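Novice: Here is a sequence together with a model predicted from it:
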Amino acid sequence: MFRPFLQRSRGGPIDYLVVFLGNPGGKYENTRHNAGFRAGDATARRCGVSFQKLKFHALCADAHLGGSRVLLMKPQTFMNLSGTAVREAASFYKLPPERVLVVADDVSLPAGKLRIRAGGSAGGHNGLKHIIASLGTEAFPRIKIGVGSPPHPAYDMVDWVLGVPAGEDQKAVEEAVSRVSEAIEEFLSAGIDRAMNKYN
């Protein structure tokens, strides 16, 4: 019998923020840039929680995951202002950057590849860029979901990330999205080094 590893919160302090990046609205739902949102939805569906509360400019769900109480967040500010929600929540719960885990798409990775990092630059990702500016540091962990790069250098990057993957790319991205919840649990329960060794 399936027993979900993520359960409804039983109280206590928030130990981590897990922030899934994307753009709100139906027209962005299946785009490459919304791989983070879809990973959040997949995690919630699998584990019987839902993003119902709107606070910190984000849809939030309060749950236990990997032995920690976590606040799952989907910022509703649009991608370029994602840091607003992260900064407000981190400040409210007095969490340092190393306890803010961000899940985002990455065009530098092949479609379907997951990569966990302890920190680093935004790599051209506007959501990560705004979070770095808002927190004042690059030293927060992230899980990157590969969505592939444009087929040729002249291809407009905005059109690419706001486009919908097709064929094998679509299948690979959706399989990666479904594995993110396991990677989050590994990060929270075993630490970032173990998670990187297992998923990178």
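Specialist: Nice, thanks for sending it over. Residues are numbered from 1 along each chain as shown.
Novice: rest of the way, CA atoms for contacts and neighbours
Specialist: OK.
Novice: quick one: least confident helix or strand in the protein?
Specialist: strand 7-8 (a mean of 42; mean pLDDT, DSSP states H and E).
Novice: Can you give the strand pairings for the helix or strand following that one, parallel or anti for each?
Specialist: Sequence order places strand 16-20 as the next helix or strand after strand 7-8, per DSSP states H and E. Paired neighbours of strand 16-20 in the sheet (DSSP bridges): strand 68-75 (parallel), strand 100-106 (parallel).
Novice: can you tell which of these is closest to G127?
Specialist: strand 100-106 (8.1 Å; CA to CA).
Novice: Need the CA coordinates for that closest one. CSV is fine.
Specialist: The C-alpha coordinates for strand 100-106 follow below in CSV (Å, rounded to 0.1, in the frame of the first residue of the first chain):
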residue,chain,number,x,y,z
VAL,A,100,15.8,28.1,1.3
LEU,A,101,15.6,25.4,-1.4
VAL,A,102,14.6,26.7,-4.9
VAL,A,103,13.4,24.5,-7.7
ALA,A,104,13.7,26.0,-11.2
ASP,A,105,14.0,25.2,-14.9
ASP,A,106,17.5,25.4,-16.5
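Novice: now the angle from the longest helix that the chain contains to strand 68-75?
Specialist: Ordering each helix of the chain by length in residues (DSSP state H) puts helix 167-190 first. Interaxial angle, helix 167-190 versus strand 68-75 (axes from the mean of the first three to the mean of the last three CA atoms, to 10 degrees): 140 degrees.
Novice: Who are the packing partners of helix 167-190?
Specialist: helix 35-47, strand 142-146, helix 192-199 (3 or more CA pairs under 8 Å, 6 or more residues apart in numbering; DSSP states H and E).
Novice: which of the residues in it are buried?
Specialist: Within helix 167-190, the residues that count as buried by 16 or more other CA atoms under 10 Å are 169-170, 172-174, 176-188.
Novice: What mean pLDDT does it get?
Specialist: Helix 167-190 carries an average pLDDT of 95.
Novice: Any chance you could list what contacts it?
Specialist: The list of residues contacting helix 167-190 from outside it, by CA atoms under 8 Å, 6 or more residues apart in numbering, reads 35-36, 38-40, 42-43, 65-68, 111-114, 143, 145-148, 164, 192, 194-195, 199.
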